[in-house]
Each structure stands twice: as structure tokens, then as C-alpha cells.
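> How does the following fold in three dimensions:
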Amino acid sequence: MKNFLTKIKLFITSHKTISVIILIVVVFGIYWLHGKLTSTAGETKYTLSVVAKGTVISTVSGSGQVSASSQIDLKPTVSGIITSARVKAGDKVSAGQTLFTLDDIDAQKTVRDAEVSLVSAKLSLAKLQEPADVLSLTQSQDNLAKAIASKQNAETSLTKAYGDGFNNVSSTFLDLVPTIDGINTILGQVNLSDNSARNSGDTALNYRNQTETLYYQAKNALDANQVDFRLLTRDSPTSDIENIIDKTYTTTKVLSDTIKSAKNFVDYMAQDTGRSSDFLSAQNTLTTYTNIINADLSNLFSIKNTIESSKQAITDAEGSITEDTASLAKLKAGADPLDIQSAELSVTQKENALADAKDNLAKYQITAPFDGVIASVPVNVGDQASSGTTLGTIITSKELATIILNEVDVAKIKLGEKATLTFDAIPDLTIAGQVAEIDSVGTVSQGVVDYNVKIGFDTQDPRVKSAMSVSADIITDMAQDVVVVSNGAIKTANNGTSYVQTFDASITGPVTGSQTFTTALVPTQISITSGLSDDTLTEITSGLKEGDIIITKTTASTAAKTTTPSILNAVGGSAASRGGGGIPGR
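Below you'll find the predicted structure:
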């Protein structure tokens with residue numbers, strides 16, 4: 001750009017005014033366009049980071065002073081009957097020495113149950129992770145083969161049923177036509193005519209009219225069936241064959257009812273007239289028709305059921321094939337990753353439960369927090385003890401830290417919890433310790449309740465003096481090897497739920513560590529469930545996994561300040577700096 005401006009200056013000094021003005025306008029346009037192309041106004045800067053695993057340590061902090069000599073009341077953190085008191089007043093004790101024990105039968109049962117649960121969870125995980133055995137694969141393959149064979153058999157049965165159905169319809173028509181004609185002949189006999197029925201009374205006439213009505217229904221149905229049947233062959237669509245079977249069955253059923261009605265009419269006329277011999281031939285013919293048509297009706301009904309059962313068998317076999325195929329594929333592919341992840345989580349939960357149970361069991365043994373001398377033992381074996389019971393008093397000449405906590409923080413800590421101690425006078429010194437005593441009664445000052453907490457030193461350092469200022473971080477909880485994100489990445493929705501933001505990988509591309517990404521696009525939200533938190537990190541229990549990309553920092557966009565460039569400055573400075581007024585070359 002500098003070389004370009006230099007050439008513009010030389011051109012201006014050697015050309016006329018109009019050319020100079022034109023060039024100045026061009027330069028101004030280039031500056032304006034360059035600003036537009038490079039402006040990021042309206043865009044937001046995001047810092048993207050890869051989700052990783054880490055450790056979250058929750059602490060309670062307080063400050064106080066070092067004391068060189070102190071006594072501490074030994075109190076249990078659990079309740080139970082005192083089963084042993086291994087010290088008496090005047091005994092010297094060492095840090096970690098067991099002084100009293102409480103009945104821990106229930107706590108031991110809890111540990112035992114937790115151990116069994118952990119073994120069960122590990123077995124379930126191992127079973128998921130094992131490849132499918134040969135027997136299971138063989139059984140699954142056999143089941144699939146059987147399902148395929150069942151479908152083939154059902155399809156063969158269905159094909160045969162359509163063929164048999166076509167044959168049954170053909171043979172039924174051979175019976176339907178002469179039967180319908182025979183009934184017409186019977187009704188046309190003189191002794192069964194309309195006049196004869198009238199002479200025999202209303203009952204006979206009703207029988208004949210009913211028979212005649214059914215006869216015409218059967219004949220009309222048969223005529224329509226014959227038209228449809230003549231259009232079919234064995235190779236016709238199965239739906240057409242199934243349709244003709246249904247229609248023929250309906251026609252045959254109506255004809256069967258017609259024969260029954262006709263026989264009732266003839267039997268009544270024979271009885272009413274007293275001339276049974278005159279009607280014997282018609283009765284025998286109708287009996288023959290009944291047997292023939294009922295046989296046809298039974299065959300058609302049977303073939304209808306065979307078709308339906310074969311179709312259902314095909315549907316069932318297809319369902320079995322789908323299930324068995326999926327089952328075999330699952331066996332070959334192994335356990336679902338989500339199932340394995342769930343089983344691994346279950347193992348972790350059982351491990352945590354066992355660790356908690358063991359920690360609780362340890363609380364039934366009250367140990368010396370530091371070296372000292374037992375001043376008094378005001379309890380006896382068999383007494384009931386609780387968290388407020390003083391089992392004994394220990395005196396020590398070693399340093400202790402007495403810190404002050406407010407009522408909110410003191411409720412979070414417990415006896416025996418680890419602490420880290422630092423000293424204003426010795427910046428490079430850090431000493432580990434543990435909570436030895438917590439005041440049961442606080443001190444009220446101007447409406448604020450404070451509690452003294454004594455922390456025993458794990459090691460002694462000669463540089464530490466009595467009354468020195470000390471700061472303590474008491475570890476109240478810890479989560480190791482868990483998915484963590486920075487606290488600033490977590491946001492809260494209006495409904496109180498927590499979420500983090502991210503972009504699609506196709507937009508950001510691969511991310512390693514942390515990188516900055518500027519865009520006007522709106523990120524998406526991922527709902528999360530959080531666990532333990534400390535000053536910088538928060539544990540994520542659901543919603544994210546290791547390797548996910550999230551936004552850890554957002555820098556809101558600001559409107560770009562627009563400054564109209566000076567034409568003369570763009571060209572090369574003010575007139576004064578060039579040593580004269582006006583435009584050169586005039």
C-alpha cells in the first residue's frame with residue numbers, strides 16, 4: 001500500500017489539476033472499500049475449547065492464628081455404643097492411634113453390601129464387553145434361518161391355497177348351476193305351484209314366497225359370479241382370485257339357505273295335503289342338493305381360512321426375520337456403546353458407594369489427631385455416644401491452627417477432613433492438616449455468628465511460631481477424572497436450567513486446545529447437569545463428554561467507529577508538511 005501511495009504522489013506532482021482530482025477520488029474509494037471489506041462490525045468473538053477430564057476440589061476457606069499449646073475434646077462424628085476405651089487419663093498417645101471404638105456392625109454390613117454391588121456391576125460390565133460366544137451366534141443364526149423358512153413355507157402354502165381356491169370355485173360352479181335350475185324346476189311343479197300353496201293356506205304361501213325370494217337372490221348372485229369368473233385364469237392376480245372365492249362363498253351360502261327354505265316348503269306341503277308320495281322325489285332331490293352345496297360351502301370356507309392364516313403366517317415370519325436379523329447384527333457388533341458407558345458409570349457409582357461406606361466405617365474408630373496426653377476420659381464402655389459426646393480430652397504442645405468460619409461455611413465441614421495451611425510470614429511454606437475440633441456453640445457479634453475450628457498440623461516446621469497468621473483451605477469434597485468445564489462457559493436459562501454453547505463442527509472446523517473464532521452466527525445451546533464446583537471448574541454429570549467443543553468465552557461485538565479519511569492525508573500529509581500551499585503542478 002505504501003508503494004502504491006508513493007506512485008500516486010509522483011503522479012500528482014507531474015500532471016494537471018483535473019487528473020489529480022480524479023486520482024484523489026479513486027484513492028478515497030479504495031480506502032473506503034478496504035474498510036468495508038476488513039470490518040468485523042456486527043460479529044462476535046468466541047473462544048472455543050475442547051472439553052476434557054480433570055479434578056474438581058471443593059473447599060471452605062478461613063483464616064486465624066497459630067497456637068502453640070491447646071487441648072481438644074475428642075468427639076465422634078457418628079452415633080453408637082462405646083465398645084472399647086483403649087486409653088485413660090495421663091496416657092501419652094501418638095497421632096493416628098485408635099483411642100475409642102463404637103459398635104460398627106451396621107456400618108460393616110453397609111461395606112459388605114457395597115462390595116457385593118460393586119462385584120455385580122463389574123460382572124455386568126465384563127459381560128457387555130465380551131464378544132458374542134459361538135453358541136449364542138449359532139442360536140441366533142438358527143432362529144433367523146427358521147424364520148426365513150417359516151416365511152417360505154407360508155408363501156408356498158398361500159400360493160397353493162390360491163390354486164386350490166380357484167379349483168374349488170370351478171367345481172362349485174359345476175354344482176351351483178344345476179342346483180339353481182333344479183330348484184326352479186321343483187318350484188314349477190303343479191303340486192308346488194303358487195295356486196297349490198294358496199289352497200294350502202297362508203303358512204304354505206309364506207314358505208313358497210320366502211323360497212322364491214331366496215331363489216332370485218341366489219340366481220342373481222350366481223349370474224354376477226359367472227361373469228366375473230369367466231374373466232379369470234389361474235394366473236390372475238391373487239387379489240382377484242381371493243375376491244372371487246369370497247363372492248362364490250357368499251353365493252353358495254345364499255343358495256344353501258334357498259335349499260333349506262325349499263325343503264321346508266315341500267315338507268309342509270307333503271304333510272298338509274296328506275299325499276307324501278307326490279312330494280317324495282322333490283324331497284330326495286333337495287336332500288341331495290343340501291349335501292352337495294354344504295360340501296362346497298365347507299371347502300370354500302376352509303380355503304378362505306387357509307388364505308388368511310397363510311397371510312398372517314407370512315406377516316409373523318417377516319416380523320421374526322426383522323427381529324432375528326437385528327439380534328444377530330447386535331451380537332456380531334457387540335454391546336451398544338451407550339450400554340457400556342452406562343455400565344461403566346454404574347461401576348463408578350458402586351466404587352464411590354464402597355469408598356463412602358469404608359470412610360463411614362472408619363469413623364467408628366476415634367483416633368488421636370496428633371501427639372499428646374490424654375487429660376480425661378469421662379465415658380465408659382457400653383455408654384451411648386453421639387456427635388455431641390466428649391469421649392476424652394487430649395492436650396498437645398504442638399502447633400494448631402485456630403481459624404474462624406461463619407455459620408454457612410462451618411455447616412459444610414466435618415471432623416477429620418483434610419486441609420491445606422499457608423502462612424503470611426512464610427510465603428513458600430504449605431502444611432497439610434486435618435480438622436480436629438469444631439465449636440458446637442458459636443460466638444455472636446453484631447448479628448454475625450462465627451465458629452472456631454481447630455486444625456492439627458500433619459508435620460511440624462520450626463519456622464512456624466505461635467500467634468502467626470494462618471489461612472486454611474478445608475477440602476469438603478473432591479471429584480477426580482470427571483468431565484469439567486470452566487465456570488465461565490456455563491450459562492443459566494430463564495427457567496433455571498444450565499447450558500453451554502457450541503457451533504457445528506462444519507462451521508468451526510477441528511479445534512485443539514483453545515482457539516478464537518469470529519462470526520455473526522448464533523451458537524446452539526446444549527443443556528447440561530452440573531455437579532461439584534470450585535473457583536475455576538465445574539463438574540458436568542450429563543450433557544457433555546470428553547472431546548466435545550464448547551464456547552468458553554464470548555466477546556460481544558461493538559459498532560465499528562467510522563472515520564472519513566482525509567483526502568489530503570490519504571495522498572501524503574498536509575500542505576504544510578509538504579512545504580507550501582496549493583497543489584503542485586499548477
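> Check which residues of the helix or strand residue 552 falls within are buried.
Element membership of residue 552, judged by DSSP states H and E, is strand 549-555. Within strand 549-555, the residues scored as buried using 16 or more other CB atoms under 10 Å are 549, 550, 551, 552. Glycine gets a C-beta too; all of them are placed from N, C-alpha and C.
> from memory the third one sits against residue 489, does it?
Yes: using CB atoms under 8 Å, residue 551 and residue 489 qualify as a contacting pair, with a distance of 6.5 Å.
> Name the residues contacting each of the two.
49, 500, 501 (CB atoms under 8 Å, 6 or more residues apart in numbering).
> How about the secondary structure of the first one?
Reducing the assignment at residue 49 to three states with DSSP: H, G, I helix; E, B strand; the rest coil gives strand.
> Residue 288: neighbour count?
When neighbours are counted by other CB atoms under 10 Å, residue 288 registers 13.
> Check whether it sits in a helix, strand or coil.
Applying three-state DSSP to residue 288 yields a three-state assignment of helix.
> what do you get for residue 381?
Of the three states, residue 381 takes coil under three-state DSSP.
> So if we follow the domain assignment, how does the protein break up?
2-39+562-578, 44-52+485-555, 54-103+365-481, 159-313 (automatic domain parsing).
> Quick check: phi and psi on residue 211?
With angles defined as degrees, to the nearest 10, residue 211 sits at phi -60, psi -40.
> same question but for residue 434, I mixed them up
Residue torsions, per degrees, to the nearest 10, at residue 434 are phi -150, psi 150.
> That one and residue 368, how far apart?
11 Å (CB to CB, to the nearest Å).
> where does this structure dip in pLDDT?
1-42, 68-69, 397, 504-509, 513, 517, 557-586 (pLDDT under 70).
> Which strand or helix spans the residue nearest the centre of it?
Ranked by distance to the mean C-alpha position of the chain (CA atoms, centre = their mean), the top residue is residue 338 at 9.1 Å. Here residue 338 sits within helix 337-362, counting by DSSP H and E.
> Mind listing what's buried along the helix or strand following that helix?
Using DSSP H and E, the next helix or strand after helix 337-362 towards the C-terminus is strand 365-367. By 16+ other CB under 10 Å, the buried positions in strand 365-367 come out as residue 366.
> same deal with stretch 101-119?
Neighbour counts over stretch 101-119 (16+ other CB under 10 Å) mark 101, 102, 103, 104, 107, 110, 111, 114, 117, 118 as buried.
> just stretch 358-374 next, same as before
Neighbour-count burial for stretch 358-374 [16+ other CB under 10 Å]: 360, 361, 363, 364, 366, 368, 369, 370, 371, 372, 373, 374.
> before we move on, back to that, please convert the buried residues of stretch 101-119 to TSV, extending it with distance to residue 272.
Formatted as TSV, these follow (distance: CB to CB, whole Å):
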residue	distance to residue 272
101	112
102	109
103	105
104	105
107	102
110	97
111	100
114	96
117	91
118	95
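> nearest to residue 519, of the residues you listed?
Nearest to residue 519, judged by CB to CB, of those is residue 118 at 47.5 Å.
> nearest residue to the closest one other than its sequence neighbours?
Distance criterion CB to CB, 6 or more residues apart in numbering; nearest residue to residue 118, sequence neighbours excluded, is residue 350 at 4.0 Å.
> Just checking: what are the partner strands of the longest strand seen in the chain?
Identified as the longest strand of the chain according to DSSP state E is strand 469-486. Strand 469-486 has these partner strands in its sheet, going by DSSP bridges: strand 52-67 (antiparallel), strand 418-423 (antiparallel), strand 537-542 (antiparallel).
> need the helices for the stretch 301-450 of the chain, in chain order.
Per DSSP state H, counting those that start in this stretch, the stretch 301-450 of the chain carries helices over the ranges 337-362, 407-410.
> between the longest one and strand 469-486, how many degrees?
Counting by axes from the mean of the first three to the mean of the last three CA atoms, to 10 degrees, helix 337-362 points 160 degrees away from the direction of strand 469-486.
> Residue 204 in helix, strand or coil?
Per three-state DSSP, residue 204 ends up helix.
> swap in the one 4 residues further on?
The three-state label given to residue 208 by three-state DSSP is helix.
> Report all helices and strands that the helix holding residue 338 contacts.
Secondary-structure packing of helix 337-362 (3 or more CB pairs under 8 Å, 6 or more residues apart in numbering; DSSP states H and E): helix 105-129.
> chain center to the helix it packs on: distance?
Relative to its chain's centre, helix 105-129 lies at 25 Å (CA atoms, centre = their mean, to the nearest Å).
> Quick one: list the elements packing against whichever helix or strand comes after that helix.
Per DSSP H and E, helix 105-129 leads on to helix 134-187 as the next helix or strand towards the C-terminus. Identification of packing neighbours for helix 134-187 by 3+ CB pairs under 8 Å, 6+ apart yields helix 202-230, helix 238-273, helix 276-333.
> among the ones you listed, which is the most enclosed?
helix 238-273 (a mean of 19; mean count of other CB atoms under 10 Å).
> where's it relative to the chain centroid, distance-wise?
Worked out by CA atoms, centre = their mean, helix 238-273 lies 62 Å from the chain centre.
> and that helix with helix 202-230, angle?
On the basis of the same axes, to 10 degrees, helix 238-273 is oriented at 160 degrees to helix 202-230.
> and the shared contacts of residue 551 and residue 489 as CSV, adding distance to residue 329?
CSV is the format used below for the shared contacts of residue 551 and residue 489 (distance: CB to CB, whole Å):
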residue, distance to residue 329
49, 38
500, 35
501, 37
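> now the residues you listed in CSV, with neighbour count and distance to residue 158?
Converted to CSV, the shared contacts of residue 551 and residue 489 look like this (neighbours: other CB atoms under 10 Å; distance: CB to CB, whole Å):
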residue, neighbour count, distance to residue 158
49, 19, 63
500, 24, 58
501, 18, 58
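> Surely residue 368 is in contact with residue 91?
No: taking contacts as CB under 8 Å, residue 368 lies outside contact range of residue 91: 10.0 Å.
> roughly how far apart are residue 164 and residue 241?
Taking CB to CB, one finds residue 164 at 10 Å from residue 241.
> hang on, the earlier thing: mind putting the strands paired with strand 469-486 in CSV, mean neighbour count and distance to residue 96 included?
Below are these laid out as CSV (neighbours: other CB atoms under 10 Å; distance: least, CB to CB, whole Å):
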stretch, mean neighbour count, distance to residue 96
strand 52-67, 17, 21
strand 418-423, 20, 14
strand 537-542, 20, 31
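> Nearest to residue 171, out of these?
Nearest of the strands paired with strand 469-486 (CB to CB): strand 537-542, 70.6 Å.
> Now find how far off-centre that closest one is within its chain.
18 Å.
> same thing with stretch 79-93?
53 Å.
> same question, stretch 197-216
Here stretch 197-216 is found 74 Å from its chain centre; the criterion is CA atoms, centre = their mean.
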